[in-house]
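Enquirer: Okay, here's the prediction I keep looking at, along with the sequence it came from:
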Amino acid sequence: MEKIAISIGSKDLLEPSLLTLKENSLEGLRKNNKPILKDKAETLLCMIRYVLALVLVSYLYLNTGIFLFSYINEKLSGPFKVILILLPPPAPDRHEVFQQWEEIVLEETKEMVESSAGSIRILNLPSVM
């Protein structure tokens, strides 16, 4: 496996607790939504750390004959690995929520992406589509 894609999907950004411009001003909704989106970003970071840990464990136990790690070795070990963080396209009437999500993900993952030497990349689906 050469690429692993991780995302908080569009459905996760449609929950009613995330306000839109219909319910509040831009400043008010950004203030309300920030802790909720930061919590989702922490979940995303935990998923990335988990995958990195699996890759590390598979590397450390490679060729040891330990059956427990054979599946991990088969799926995650290899010469080239890329973790893609997918940013979903915005849903209608929730553009501001998706925009704030993008900003938070970029902010929260900046250090991890910069220190990964290209093994962690962000694919912004709205800009690609």
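Expert: Looks like it arrived, so ask away.
Enquirer: okay, CA-based contacts and neighbour counts for the rest of this
Expert: Fine.
Enquirer: other SSEs contacting the longest helix belonging to the chain?
Expert: Assignment by DSSP state H gives helix 26-60 as the longest helix of the chain. On a contact count with 3 or more Cα pairs under 8 Å, 6 or more residues apart in numbering; DSSP states H and E, helix 26-60 meets strand 3-7, helix 70-76, helix 95-114.
Enquirer: Let's see that with 7 Å instead.
Expert: With contacts taken as 3 or more Cα pairs under 7 Å, 6 or more residues apart in numbering; DSSP states H and E, helix 26-60 sits against helix 70-76, helix 95-114.
Enquirer: Could you dump those into JSON lines with distance to L44, mean pLDDT and mean neighbour count added?
Expert: As requested, these are exported to JSON lines (distance: least, Cα to Cα, whole Å; pLDDT from 0 to 100; neighbours: other Cα atoms under 10 Å):
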{"stretch": "helix 70-76", "distance to L44": "19", "mean pLDDT": "49", "mean neighbour count": "16"}
{"stretch": "helix 95-114", "distance to L44": "9", "mean pLDDT": "91", "mean neighbour count": "16"}
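Enquirer: Same list, the ones you listed, but as TSV with distance to V82 please.
Expert: Shown next, in TSV, are the helices and strands packed on helix 26-60 (distance: least, Cα to Cα, whole Å):
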stretch	distance to V82
helix 70-76	10
helix 95-114	11
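Enquirer: what's the closest of those to M47?
Expert: M47 sits nearest to helix 95-114 of all these, at 12.0 Å, using Cα to Cα.
Enquirer: Figure out the helix or strand that R121 lives in.
Expert: Secondary structure assigned from DSSP states H and E places R121 in strand 120-124.
Enquirer: That concludes my questions; thank you for your assistance.
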